[in-house]
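Participant: just a sequence and a predicted model for now, questions to come.
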Amino acid sequence: MSQSEPPGGVFGLSYDRETRVIESLKVVSTAIIVLVGAWPIYWMTQLAFTEYETVEDTVTVFPTPDIFTLDNFNVLTEPEMYTYMFNTVVVAIGTIVTVVLVSLIAGYGLARLDFPQKENFARILLIGYLFSPIVIGIPLYQIWQNIGLLGTRFGLIIALSAISMPFAVWLMWKYIMTIPEAHEEAAWVDGASRWRGFRDVVVPQCRPAIIAAALFAFALAWNDFTFAQILLPQTDTTTFAPGILRAMGQAQFLPQAYLMAISLAMTLPPLLFAYFMQSYLLKGFQVRAL
Amino acid sequence: MPDIEIRNLTKVYNESGNSIVAVDDVDLTIEDGEFVTLVGPSGCGKTTTLRCVAGLNKPTSGTIKFGDRDVTQKPVQERNIALLFQDIALYPHMSVQENMAYGLKISGFSREERMARVEEAAELLQITDQLKKMPADLSGGQQQRVALGRSLVRDPEIFLFDEPMSDLDAKLKAELRPVIEKVTDEIGCPTLYVTHDQEEAMTMSDRVAVINDGELAQVAPPKEVYDEPASQFVSQFIGQPSTQFFEGNVGAVNGTAELDVGGYEYALARDGLEGWAGEDVRVGLRPQYIRVSDDPDAGIPATHLLDEPLGDATHSFFDTEFGEIVVVTDPDFEGNGGEYGLVFEDDYIQLYDNDSGVRIA
């Protein structure tokens, strides 16, 4: 049904009144969803810009000029925080690159090549998605310890990639299946090898799926607490999420306003990423039968 | 430039235990510069044959040679062919220019050389002003021109077409046909064109290969396929409206053969019917060679059902004791549901073997 078309007979009113009722209900429900989603972010943001003594003493709803400050963000310049941020960025980028590369190749294989038990392979892949990080975390701790990956960013990247992989591979598989095989065959006729055809013809057309998979991996890696806590046990190598918790436990006094400043710094990148990539993201998720 | 030599080509698909013979022992030679169209109903194995020649499918048995070069085991990349796809298959993320230059880029031509060749081809195809556009901004006909250009710049050894116009409307088809002929003439290589559209087959080909159930039914120049079909299938498949068939019996053969069709007698001045005296046969006649007489007693009595005026001719449908019969009538003919007599023109009557469908006379 198009938007201009009046919705028929839900309330038994005339077309015009029905349309008005539906429109206002839409606005109200949208407002509720936005409020629920945006309120915590707003609260965090306004506290991050308010002087920390004020935050401790009273409840404020907006950083008016007399209590406005940027000093809270000084906490980010502490060497510890800098390390956490650096580690988080490295791990996030590492995870994105691993997930995108592996899922592209695996998805292509599933979509285009015939091998025994292909369907079962894909199904088993999804089972991996059912385990929560904590279930895998403990055995991984022991394995990583044995092979020397414990406490390394590389080890965390592998663990996070493994967790994002089922979805990413599934997405790529289904997405590549929407690209007509004739495109590749045309490339082969033009003299391109299978690999060259994949690189020149398939990968560029997968951009929406690549962005969706990357965003998914990014969100997972950026927000990960469990794996980082277990696999990066030393304070000086850990990432943001466990880092903040440790800072809260270790510091004598960590004002709430500082905490909000740190949280805001951590929330912004995924927000911006999702905002600017949303058109691609939607395309990536539009694949049928996903 | 070489010819294409297809020998004993067979392709069997195995699907969950069932083996399906898609192409059955096909022999076909396409001379250098010759345009051969493979035509047949859907599922007859024509596209499979083409894909085997292209190297996109591996034949179960048989050989394919380009000139002296046996390419049966060669992958598609090493065959130096051009192929136009049904769904056009331009790279949607590249501009027209990049699309056309892609093959040259892979072969390692310099940028200047690529651009020079692309521009030359674009001029021939009249798409020079489209070069900077993306494929999605072009109409279907223009896209197919670009695909032609992509093949043209590479100067292929063999040109293959896989129903390239089936998604275009009739007017565009008619517009593109001469372009395709121009391009294949320009390259001058053997061309294999697959289509289910007999009009395309008849208008463009040097020879038409009619294929049915994976087997070649007839390979001959278009006019011959139309006038002298080798089997009932060819007669039925080629020509619009299709040949009308009746049950018949050959009577006494004495210089001329007597033919009995449901009680109506025809005398056929043909040779080679001696052995068929007294045999049941299948009788075919093109609707162009059935005459409509105003006298219901002349020939087969028929009740007029409806007319399909096409402008240059009219297809008229009649109800008779043999069922519905289509006749090509004068453009001014209007039946108005009246009673008529249908007269067969004896000279054009075709006879087929009842069991095998092979042409007798």
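Facilitator: Yep, that arrived. Numbers count the residues shown, from 1 in each chain, chains lettered A, B, ... in the order given.
Participant: roughly how far does the nearest residue to B:Phe317 once chain neighbours are set aside sit from B:Val327?
Facilitator: Among residues not flanking B:Phe317 along the chain, B:Leu305 sits closest, at 4.3 Å (Cβ to Cβ, 6 or more residues apart in numbering or on different chains). Yep, even glycine has a C-beta here, placed from its N, CA and C like the rest. B:Leu305 sits at a distance of 11 Å from B:Val327 (criterion: Cβ to Cβ, to the nearest Å).
Participant: those two - which one has more neighbours?
Facilitator: B:Val327 (25 against 14; other Cβ atoms under 10 Å in any protein chain shown).
Participant: can you name the residue of the stretch 151-300 of chain B nearest to chain A?
Facilitator: Nearest residue of the stretch 151-300 of chain B to chain A: B:Arg154, at 7.0 Å (Cβ to the nearest Cβ).
Participant: before we move on, what about the stretch 101-250 of chain B?
Facilitator: Minimum separation of the stretch 101-250 of chain B from chain A (Cβ to the nearest Cβ) falls at B:Gly103, amounting to 3.5 Å.
Participant: run through who's touching the helix or strand containing that residue.
Facilitator: Per DSSP states H and E, B:Gly103 falls inside helix B:96-106. By Cβ atoms under 8 Å, 6 or more residues apart in numbering or on different chains, the surrounding residues in contact with helix B:96-106 are A:187, A:189-192, A:196, A:200, B:90-91, B:94, B:113-115, B:117-118, B:121-122, B:127, B:130-135, B:138, B:146, B:149-150, B:153-154.
Participant: you'd agree A:Ala111 is up against A:Met177?
Facilitator: Yes - between A:Ala111 and A:Met177 there is a contact under Cβ atoms under 8 Å: 4.7 Å.
Participant: state the phi and psi torsions of the residue of the stretch 1-150 of chain A found nearest chain B.
Facilitator: Minimum separation of the stretch 1-150 of chain A from chain B (Cβ to the nearest Cβ) falls at A:Asp114, amounting to 12.1 Å. With angles defined as degrees, to the nearest 10, A:Asp114 sits at phi -100, psi 130.
Participant: quick one: it and B:Leu138, what's the gap?
Facilitator: 34 Å.
Participant: pick out whichever of the two has more residues nearby.
Facilitator: Between A:Asp114 and B:Leu138, B:Leu138 has the larger neighbour count (other Cβ under 10 Å), namely 18 against 6.
Participant: coming back round to it: which neighbours do B:Leu305 and B:Val327 share?
Facilitator: When contacts are counted by Cβ under 8 Å, 6+ apart, B:Leu305 and B:Val327 are jointly contacted by B:Phe317, B:Phe318.
Participant: what comes into contact with stretch A:97-116?
Facilitator: Contact with stretch A:97-116 is made by A:118, A:121-122, A:157-158, A:161, A:164-165, A:168-177, A:181, A:184, A:198, A:202-203, A:206, A:209-210, A:213-214, A:216-217, as judged by Cβ under 8 Å, 6+ apart.
Participant: near chain B, which residues of the stretch 151-290 of chain A?
Facilitator: Proximity of the stretch 151-290 of chain A to chain B is confined to A:180, A:182-183, A:185-193, A:196, A:200-201, A:204-205 under the rule Cβ under 8 Å from any Cβ of the partner chain.
Participant: need the buried ones from those residues selected in ChimeraX.
Facilitator: The ChimeraX selection below is limited to those of those classed as buried (16 or more other Cβ atoms under 10 Å in any protein chain shown):
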select /A:180,182,183,185,186,187,188,189,190,191,192,200,201,205
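Participant: now the helix or strand of chain A with the lowest mean pLDDT - C-alpha only, PDB.
Facilitator: Least confident helix or strand of chain A, by mean pLDDT, DSSP states H and E, is helix A:278-285 with a mean of 74. Listed next in PDB are the C-alpha coordinates belonging to helix A:278-285 (Å, rounded to 0.1, in the frame of the first residue of the first chain):
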ATOM      1  CA  GLN A 278      22.400   3.600   6.800                       C
ATOM      2  CA  SER A 279      21.400   3.600   3.100                       C
ATOM      3  CA  TYR A 280      23.900   0.900   2.400                       C
ATOM      4  CA  LEU A 281      23.000  -0.900   5.600                       C
ATOM      5  CA  LEU A 282      19.400  -1.200   4.600                       C
ATOM      6  CA  LYS A 283      20.300  -2.500   1.100                       C
ATOM      7  CA  GLY A 284      22.500  -5.100   2.700                       C
ATOM      8  CA  PHE A 285      19.700  -6.300   4.900                       C
END
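Participant: what's around B:Asp155, how many residues?
Facilitator: Based on other Cβ under 10 Å, the number of other residues close to B:Asp155 is 16.
Participant: what do you get for B:Glu98?
Facilitator: Every residue meeting other Cβ under 10 Å relative to B:Glu98 is counted, giving 18.
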